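> My questions concern the predicted model and sequence given below.
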Amino acid sequence: MIGYLCAYLRYYHPYEFITSYLNNANGEEDVKNGNELATLYCIKIVPPRFGLSKDKYLLNTEEKVIAKGISSVKYMNADVANELFDLAEAGKPDSFMDLLISLNEKTHLDTRQRDILVKIDYFSEYGNTKELLRMVELFSFFKNGTMKKIAKEKIPANLVPIVSQYASGTNKDGSPSKSYTFTDLQGLLRHLESMVREMHIEDFDLKSKMQTQLENLGYIDLTTGKKEDRRKLLIMDAFPLRSKKTNEIWAYALQVRSIGTGKTNRWTVRAGVYDRKPVRKFDIIYVSANGWGEERGYLYLYNYDYVI
């Protein structure tokens, strides 16, 4: 009966079935099988994202995706994960600085947890990681949006003209004061956000993102959504294929994930090609349009270049 019911649910309700399967996974093998089943059904599993993720895997029926949970992220917990989801459901702030204020006022998210979520692209809809970290730095400088006044000597020279627009720098008698008293700190933070965006700061490279994900997630899940990254393949696993007659290695099987689309596949590389360009787990390679082909229903790599 259990087998029949699972088959029925898997066929008629694949999104809900796979979500439940992943949430009840008993080890990495189950997670791997769940991801392979999602690929079979062309169901997209996305990394933890603000507004999509709770503590566990969650199905978003509008976008037709399954979002990974964040309770397993370093230093995170289920309560905070669900608070973040509820905050997004109530209405996402338009600016990142407004979001940072809401995070302080309406959730129990601490600064360490917040910074990790920024680093793993949880808030990617508000900008790239480097941009957001710069905004967080400015937000922290002004006591997380709670600062009432600041000594003029403590303000970096390049920020003085901006701060003076949102604060009073005079005493009651009109004489210059030693401090600025803020009259519109939220307006200042929004101005600083615009300033950072106008700098067009480039994001971290793929290698840095991989290291950050391994440190805080325990796995690598890079998906850029960019067309130019579709042929960049992350090596998830590599193992030799041996001849049954001679036991010699004739090829290698590569489990790969497209950096651009997030889709996973298995590719075969003949031993001669592999020996000239060996790859290891977590390497990233680039495959040109004529660098692959299909033989007897299997995907083969004939040529590729190293990215990382």
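Perfect, I can see it now.
> Helices of the stretch 101-250 of the chain, residue ranges please.
Secondary structure of the stretch 101-250 of the chain (DSSP state H, counting those that start in this stretch): helices at 111-119, 129-141, 160-163, 185-198, 206-216.
> which residues are in contact with the helix or strand of the chain at the bottom of the mean pLDDT ranking?
Within the chain, confidence by mean pLDDT, DSSP states H and E is lowest for helix 28-40 among all helices and strands, at a mean of 85. Identification of contacts with helix 28-40 by C-beta atoms under 8 Å, 6 or more residues apart in numbering yields 10, 18, 21-22, 24-25, 44-45, 66, 263-264. (Glycine included, C-beta is placed from N, CA and C.)
> Quick check: ChimeraX command selecting the buried ones in those residues.
Selection command for ChimeraX covering only the buried members of the contacts of helix 28-40, criterion 16 or more other C-beta atoms under 10 Å:
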select :18,21,22,25,44,45,66,264
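> Can you convert the contacts of helix 28-40 into CSV and add a column each for distance to S288, pLDDT and secondary structure?
CSV is the format used below for those (distance: C-beta to C-beta, whole Å; pLDDT from 0 to 100; DSSP: H, G, I helix; E, B strand; the rest coil):
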residue, distance to S288, pLDDT, secondary structure
R10, 37, 94, helix
I18, 33, 95, helix
Y21, 36, 94, helix
L22, 34, 94, helix
N24, 41, 93, coil
A25, 36, 90, coil
K44, 26, 87, strand
I45, 28, 88, strand
I66, 32, 94, strand
K263, 18, 80, coil
T264, 20, 80, strand
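> Pull the number of nearby residues for K244.
Taking other C-beta atoms under 10 Å as the criterion, the count of residues near K244 is 5.
> just L132 next, same as before
For L132, the neighbour count with other C-beta under 10 Å is 27.
> try K209
20.
> where does the spatially closest residue to it that is not a sequence neighbour sit relative to D121, distance-wise?
Excluding its sequence neighbours, the residue lying closest to K209 (C-beta to C-beta, 6 or more residues apart in numbering) is L222, at 6.0 Å. Noted for L222: a distance of 9 Å to D121, by C-beta to C-beta, to the nearest Å.
> Those two: which is more packed in?
With neighbours defined as other C-beta under 10 Å, L222 and D121 compare such that D121 has more, 24 against 19.
> Tell me who's in contact with the more buried one.
Applying C-beta under 8 Å, 6+ apart, one finds that D121 lies in contact with 47, 49, 129, 209.
> Over to S140?
T111.
> Find me the pLDDT at it, would you?
For S140, the pLDDT comes out at 96.
> you'd agree S243 is up against A271?
No. Counting by C-beta atoms under 8 Å, S243 does not reach A271; the two are 10.2 Å apart.
> These two: which is more packed in?
A271 (14 against 10).
> who touches both of S243 and A271?
Taking C-beta under 8 Å, 6+ apart as the criterion, S243 and A271 both touch 249-250.
> What are the structural domain limits within the chain?
Domains of the chain are assigned by automatic domain parsing as 71-216, 222-306.
> Determine the number of other residues adjacent to K148.
Using other C-beta under 10 Å, K148 has 11 other residues around it.
> Identify the residues contacting R280.
235, 238.
> Would you mind measuring from it to F239?
Distance, R280 to F239, by C-beta to C-beta: 11 Å.
> Likewise for F204?
From F204 to F239 the distance is 30 Å (C-beta to C-beta).
> And K232, how far from D305?
10 Å.
> give the contact list for K130.
Residues in contact with K130, defined by C-beta under 8 Å, 6+ apart, are 201-204.
> what pLDDT does it get?
For K130, the predicted pLDDT is 96.
> Over to the one 5 residues further on?
Per-residue confidence for M135 comes out at a pLDDT of 97.
> what about K281, neighbour count?
Here the count is done by other C-beta under 10 Å, and K281 has 13 residues near it.
> just checking, it touches L254?
No. Taking contacts as C-beta under 8 Å, K281 lies outside contact range of L254: 9.8 Å.
> intersection of neighbour lists for these two?
235, 237-238.
> What ranges does this protein have for its strands?
Counting by DSSP state E, the segments of the chain that form strands are 44-46, 58-60, 65-67, 149-151, 167-170, 176-182, 232-242, 249-258, 264-270, 284-286, 292-295, 298-301, 305-306.
> okay, now the residue lying closest to S124 once chain neighbours are set aside: neighbour count?
Among residues not flanking S124 along the chain, R49 sits closest, at 6.8 Å (C-beta to C-beta, 6+ apart). The number of residues packed around R49, counting by other C-beta under 10 Å, is 20.
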